[in-house]
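Undergrad: need a structure here:
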Amino acid sequence: MTDNVSVEQLRLFIERIERLEEEKKGIADDIKDVYLEAKSQGFDPKTMKTVVRLRKMDKNTRQEMEALLDTYKAALGLEE
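TA: The predicted model follows:
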């Protein structure tokens with residue numbers, strides 16, 4: 001009896017994961033569509049993705065990353 005319960009639980013977990021993967025794919029497609037729409041309006045999707053990534057960071061992490069990037073750019077002569 002325990003084996004039947006375990007098999008049923010496993011099946012239910014797998015089905016939930018499959019449903020969530022489908023939802024995730026749908027959301028990813030929706031996000032792609034928004035970037036394409038923004039591009040058609042003259043916005044740069046690559047830059048927008050960078051901004052989205054930066055907005056996810058907490059302020060201190062973002063400032064540390066930007067300071068390090070500035071240091072690297074200066075070391076390589078990329079500063080204006």
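Undergrad: tell me which residue lies nearest the centroid of this structure.
TA: Centroid check for the chain by C-alpha atoms, centre = their mean gives residue 53 as the closest residue, at 7.4 Å.
Undergrad: which SSE is it in?
TA: Using DSSP states H and E, residue 53 falls within helix 45-56.
Undergrad: now whichever strand or helix holds residue 22, how far from the centre of its chain.
TA: Using DSSP H and E, residue 22 sits in helix 2-40. The chain centre lies 15 Å from the centre of helix 2-40; the measure is C-alpha atoms, centre = their mean, to the nearest Å.
Undergrad: so what secondary structure elements neighbour the helix holding residue 53?
TA: The elements that helix 45-56 packs onto, with contact taken as 3 or more C-beta pairs under 8 Å, 6 or more residues apart in numbering; DSSP states H and E, are helix 2-40. Yep, even glycine has a C-beta here, placed from its N, CA and C like the rest.
Undergrad: other SSEs contacting the helix it packs on?
TA: Counting by 3+ C-beta pairs under 8 Å, 6+ apart, the packing neighbours recorded for helix 2-40 are helix 45-56.
Undergrad: what angle sits between the helix it packs on and helix 2-40?
TA: Interaxial angle, helix 45-56 versus helix 2-40 (axes from the mean of the first three to the mean of the last three C-alpha atoms, to 10 degrees): 120 degrees.
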